[in-house]
Each structure stands twice: as C-alpha cells, then as structure tokens.
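>>> just need the structure, nothing else, for what follows:
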Amino acid sequence: MNETTEKPAAAKKAVEATEPVKKAVKKAAVKKPAAKKTAAKATATKKTAATKKTAAAKKTAATKKATAKAPAKKAPARKRESRAAMVRRAHEINAELAELYPYAHPELDFTNPFELLVATVLSAQTTDLRVNQTTPRLFAVAPTPEDMAALPPEKLEELIRPTGFFRAKTKSLLGLSAALRDRFGGEVPGRLEDLVTLPGVGRKTANVVLGNAFGVPGITVDTHFGRLARRFGWTTHEDADKVEADVAAIFPESEWTMLSHRVVFHGRRVCHSRKPACGACPVAPLCPAYGEGETDPEKAKKLLKYELGGQPGQRLRPPADYPGQPAPPMAPPASAS
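Here you go, the predicted model:
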C-alpha cells in the first residue's frame, strides 16, 4: 500500500515542479510577438520620419530652384489691341525714333558697295566696331573683288581673324569675290535676286547693301531689329523673313531703310537684350513691353550706350552729323611697339 501511494505522490510532485517552466515558456511566447510588434513599429516610425525629411528636403530644393528662376521683376501684361491701333502706334514710335536719332546711319565703315558687302559679311557674330577696326588692313591689301579672290586663304584668314569665325568667313569672301569677278564683271549687283546668290549673302546682308549703297529700300532684320519688333508688338515671329514681311506690311516702302537704322540704333543704345533702359526711353509711353527693364530714371540712364552714354561710337569714320566720338582704331600687337 505504501509503495502505491508514494508513486502517485511523486508523479504529482514532478508535474508540479514542471509548471513554473511551462508558465515561463508560455509567458516568453506571449512576449515575443509583442517585442516583434514594437520593433516593427519603431522601424515604421523611422521610415516615416525619413520619408517626411526627404519630402521636406525636396520641397525646399524645389522652392529654392523656383525662386532662383523667377525674374526679379515681372513686366506688366500686354493689352490686346486692334491692328489699326497697333499700326498707328508703330508709326508714332517711328516718329519718336526719327526725332531721337536724326543722324541714324549704317554703323559699318565703307566707301563703296564692295566694301559694304564685305564688311556686312564680316559683321556676323561680332560687333560693327570690331569689323571697322579690322577692315582698314583688309582693304589696303584687297580693295577689289579681283584682289580678294587672288588672296591665299591663309593670308585672308590672318587679316580677318579678329572678327571671329574667320575660316568660314574666309570661304565666303573668297567665294563671293570670285563670283563678282566671274559673273558680274567685278561689280556688286544692285538686285536682291543677284546678291543672295553670292556665298555668305542672305536677305539681311543684301538689304543692307541695297539700302545703303544703292538707295533701294529694304528692312534689315538683325538681332536688335527682331527683338524690338517683338517688344513693340509689330510681330510675334522669330524667323527673320517673317519679321521682315510683318514689318513691311506696317510701314511704307520709303521708310524701310531709315526705319531699320533707327530701330537698330535704339536696340544698341537703349533697348538692350538683357536689361532695357526703360526709365530713360523716349518711346516708353508707346511701348507695350515697358517694365521689362530698369524703370528708375537715374539707374536707367546709366545703362545708355555709345553717344547717349557719352561713349565712343562704332565707326572709325562716322558721318559728319554724328554727335558722338569716333571709335578708336585697333591697338597694334604688343610686339609691334
């Protein structure tokens, strides 16, 4: 009897001894998912914080970029006007420019059609001043188409190097000189249809030569003229031929050549590309683009160039009625002193 009683008691005691272990295991099993849940929550929180930080950084960078690109001053919105009103205003602008620049003229030095043709070809991608400082040496060596066509390319390149793009310009000058010699008896033709067949000669160059060497009316659409024509609301086109056609429809043919000079003069002296001197512009009340540049009169006055700013002009030999100073000749090389 005693042996039988002792066995159940021992078994009961063993079971009781294992109970704390089971409870501990069970408790650990319960805590483990909770720990995992806490860790996952912490990770998610970190990710959310990082995402918010990245988004905030991107937003700040985008704001800074937008601020940097935004213009300092917005020009007022242009008012819509009828064609009749635009044409009337265009003629008023021309009259104001005529009063401001009664001495307007081509700003390339020349004494004959050939010199003007060559100078105009050289003026591409450079200033008229640089051309005027370069051509005296050139025309001393090659005063006629025959002389220029006979020059070795290396010699011509050396003579016109200061104007830039001298290899392409050398090719054009040799080609047009040979064409004048062979097809036109050494004379510059007085017709647009003939001029545009010469190497390096387009409508702009042809109109410069026709208007100033032959007295044939023409509109010269260079970068200055195109810019002002758009600012004045005379055209919306960028293409030079379309700008020419639009402006030609506004003004009588008799005005074309002088209109070109006046507008180009104004573009070089007052209505600059980057910062127009709006506050010192006589045509400001008529200009729909007023406000694109400096409107303060004193600050705008400091932006004026050439004779309006008390500086030398572009021609070494300007017309007698030019109120400014002649441009200085090109300085000799340092080794030539």
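
>>> check contacts around the nearest residue to G279 once chain neighbours are set aside.
Leaving aside its sequence neighbours, G279 sits nearest to A300 (Cβ to Cβ, 6 or more residues apart in numbering; 3.2 Å). In short, each C-beta sits where N, CA and C put it, glycine included. Residues near A300 by Cβ atoms under 8 Å, 6 or more residues apart in numbering: A277, C278, G279, A280, C281, G293, E294.

>>> any weak-confidence spans in this protein?
1-78, 333-337 (pLDDT under 70).

>>> got the contact list for the spatially most central residue of it?
In the chain, the centroid-proximal residue (Cα atoms, centre = their mean) is S273; its distance is 7.4 Å. Going by Cβ under 8 Å, 6+ apart, S273 touches T223, R227.

>>> which SS state does it fall under?
For S273, the assignment made with DSSP: H, G, I helix; E, B strand; the rest coil gives coil.

>>> and I160, how close does it get to T205?
From I160 across to T205, the span is 16 Å (Cβ to Cβ, to the nearest Å).

>>> er, A98 actually
25 Å.

>>> for E81, same thing?
34 Å.

>>> neighbour count winner among the two?
T205 (24 against 13; other Cβ atoms under 10 Å).

>>> give me the nearest residue to that one, chain neighbours excluded.
Nearest to T205 is T120, by Cβ to Cβ, 6+ apart, at 4.7 Å.

>>> packing partners of the host helix or strand of that neighbour?
Per DSSP states H and E, T120 falls inside helix 113-122. When contacts are defined as 3 or more Cβ pairs under 8 Å, 6 or more residues apart in numbering; DSSP states H and E, helix 113-122 sits against helix 128-141, helix 166-183, helix 203-209.

>>> how far does the second one sit from its chain's centre?
By that I understand helix 166-183. Relative to the chain's own centre, helix 166-183 is displaced by 29 Å; criterion: Cα atoms, centre = their mean, to the nearest Å.

>>> tell me the buried residues in that helix?
Neighbour-count burial for helix 166-183, with 16 or more other Cβ atoms under 10 Å as criterion, is recorded at F166, K169, T170, S172, L173, L174, L176, S177, A178, A179, L180, R181.
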